[in-house]
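In: Here is a sequence with its predicted model. Questions after.
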Amino acid sequence: LTFLGGAAYLRPLDTGQLQALTYASHRVYCAGFSIGFVFLGLGSAVFSYLWWKSRYIPRVLAAWGIFSSVVLSLVTLVVIVYPALGTAIGLTYMVPMFFYEVGLGLWLIIKGLSTPAPNEA
C-alpha cells in the first residue's frame, strides 16, 4: 500500500508502474512467507521429536506432530517449486498441523505434562 498511497516521491511514476511495483512487492512478501513456513515445519519437527523422546506427552501425539511438520515443510517446498500446485491444493496441507497444534494445546491444558518413570527413560 505504500506504493499506492499517493506520496510526493511517487508522482514521477505512472499508475501502471505503481501497480507493477505493488504486485512485485506482494509476490516477494508471499515468497518470503513460504520460505518461513519451510523453516517453521523443520523447527516444529525437531520440537515434536523432542516431545517424542521425552515422553511428556503421548507418543501418538508427538508422532502426529513429526508427521504434520514434515508434511508442512515438504509441501511448502513443492509449492515454491511448482506454484500451480499451490493454487490447486490451497491450504489443505496445513490441516494436519492445525490438528497437532490444537491437540497439543488441549492436552497440555487439560492433562498437563506426565513425567515418565525412571526405568522408562
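Out: Nice, I can see it. Residues are numbered from 1 along each chain as shown.

In: For the lowest-mean-pLDDT helix or strand in the chain, list every residue counted as buried.
Out: Counting by mean pLDDT, DSSP states H and E, the chain has its least confident helix or strand at helix 83-89, which shows a mean of 88. Using 16 or more other Cβ atoms under 10 Å as the test for burial, helix 83-89 gives residue 86. No exception for glycine: its C-beta is placed from N, CA and C like everyone else's.

In: for this protein, longest helix please?
Out: helix 15-54 (DSSP state H).

In: which helices and strands sit right next to it?
Out: Here helix 15-54 touches helix 59-81, helix 95-110, going by 3 or more Cβ pairs under 8 Å, 6 or more residues apart in numbering; DSSP states H and E.

In: ok, back up a step: and the least confident helix or strand of the chain, how far out from the chain's middle?
Out: On the basis of Cα atoms, centre = their mean, to the nearest Å, helix 83-89 sits 16 Å off its chain's mean C-alpha point.

In: Give me the most central residue, the chain.
Out: residue 37 (3.6 Å; Cα atoms, centre = their mean).

In: Just give the number of residues close to the residue nearest to that one when sequence neighbours are not counted.
Out: Leaving aside its chain neighbours, residue 37 sits nearest to residue 76 (4.4 Å; criterion: Cβ to Cβ, 6 or more residues apart in numbering). For residue 76, the count of nearby residues is 22 (other Cβ atoms under 10 Å).

In: can you give me the angle the longest helix of the chain makes with helix 95-110?
Out: 50 degrees (axes from the mean of the first three to the mean of the last three Cα atoms, to 10 degrees).
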